[in-house]
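Asks: Here is my input, please return the structure:
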Amino acid sequence: MIGSHSECICTPESPFKINVLRQPSLTRKDRGDIDVGLVMDSIRSDWKFKIWALDLPEFSADEIDSYQTLFRFIVSSYGRKNGKPDSHIWIDHTPSNIKYAHLLKSFFTKAKFIHIVRDGRAVAASIIPLVWGPNTVSGAARSWVKKVSQCLAIESSLGDNVIMRVRYEDLVADPVTILRSICLFLDIPYQPQMIMGTGYRVPAYTADQHSLLGKEPDAKRATAWERELMPRQVEIFESMAGRLLLSLGYTLKYDHGARRMNVIEQAASLVREAYKGKIINRIHQRRRIKRGISATGK
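Replies: Residues are numbered from 1 along each chain as shown. Prediction:
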């Protein structure tokens, strides 16, 4: 949605930026600045960059003396290729950004973060069928609690002038109001086309999980988990994450009486995670990566 704004460019995920920022070996010890050649070799070899399908124009290493100017060059090149040559705000939705928020803020001093909070039961319903992430409701509950808790800690340390919390349910119920508040946070004017979320060119690699892009927000999606999860799955999730759900303002189906998994359910969960998560999903993931890269011609 934000990527649909005329001043913004939304790129595919870019975990490679964090990888290079965390590698001091890419900094020239004699001068203290980055070794552009080494950094670009590292980025170009990363499969996540390959799915950007971006052939960078020639550049002089003397023109790029910092990570900031390097990524400005890369993102500007992506913007020109995708019809947004005048965009000046980079929208990056890499999931690990929040984990490395302090690192990113130290390099990109004007960076702001948006923490989208969603009902953990809805998150579980979305990720269990995927070929990455947890494949059981217990695994999804553990993952959700860990990540949301980490995000809440980051919120506290960065402050509300740097990070904004947005409830997914509020966004799909009243997108105009929430988008206006986001624009105010980012200091950009609200533009009506944002509501359709057409500002992101989806790579073939993630086309399946982004099937709702380009469609007006549907408030029914907020409660789809009630149909997609079995009652016992909901109960297990609430037994593990109920207190966090409550603290975030969500209503529990089982109040405080949700039963935890029994020994048989725990064993079945471990077997499913081991078989599907560590064998089947890895096979699908490798195939998916190959298809994604092949689609770009890289």
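
Asks: Low-confidence stretches in the stretch 51-200 of the chain?
Replies: For the stretch 51-200 of the chain, the stretches flagged by pLDDT under 70 are 61, 199-200.

Asks: State the distance from the residue nearest to the spatial centre of the chain to P15.
Replies: The chain has P95 as the residue nearest its centroid, 3.1 Å off, counting by C-alpha atoms, centre = their mean. Distance of P95 to P15, given as C-beta to C-beta, to the nearest Å: 8 Å. Where you see a C-beta, it was placed from the backbone N, CA and C, and this is true even at glycine.

Asks: same check, this time on D174
Replies: Distance of D174 to P15, computed by C-beta to C-beta: 32 Å.

Asks: returning to what we had before: my read: the residue nearest to the centre of the chain touches E13, true?
Replies: Yes - between P95 and E13 there is a contact at 7.4 Å, judged by C-beta atoms under 8 Å.

Asks: what's V145 in contact with, if anything?
Replies: G120, M240, A241, L244 (C-beta atoms under 8 Å, 6 or more residues apart in numbering).

Asks: and which of those is nearest L103?
Replies: L103 lies nearest to L244 out of those, by C-beta to C-beta, at 25.5 Å.

Asks: you'd agree that closest one is in a helix?
Replies: Yes - L244 sits within a helix when classified using DSSP: H, G, I helix; E, B strand; the rest coil.

Asks: For it, give its distance to S143.
Replies: Using C-beta to C-beta, L244 is found at 12 Å from S143.

Asks: do the same with D187
Replies: Distance of D187 to S143, computed by C-beta to C-beta: 33 Å.

Asks: Settle it for me: which of those two has more neighbours?
Replies: Using other C-beta atoms under 10 Å, the more surrounded residue of D187 and S143 is S143, with 17 against 8.

Asks: Quick check: that one touching P134?
Replies: Yes - with contact defined as C-beta under 8 Å, S143 and P134 form a contacting pair (5.1 Å).

Asks: what sits in contact with each of the two?
Replies: Contacts common to S143 and P134, judged by C-beta under 8 Å, 6+ apart, are I127.

Asks: For the stretch 151-298 of the chain, which segments count as strands?
Replies: 163-167 (DSSP state E, counting those that start in this stretch).

Asks: Give me the buried stretch members for the helix or strand containing I116, please.
Replies: Applying DSSP states H and E as the criterion places I116 in strand 113-117. Neighbour-count burial for strand 113-117 flags F113, I114, H115, V117 (criterion: 16 or more other C-beta atoms under 10 Å).
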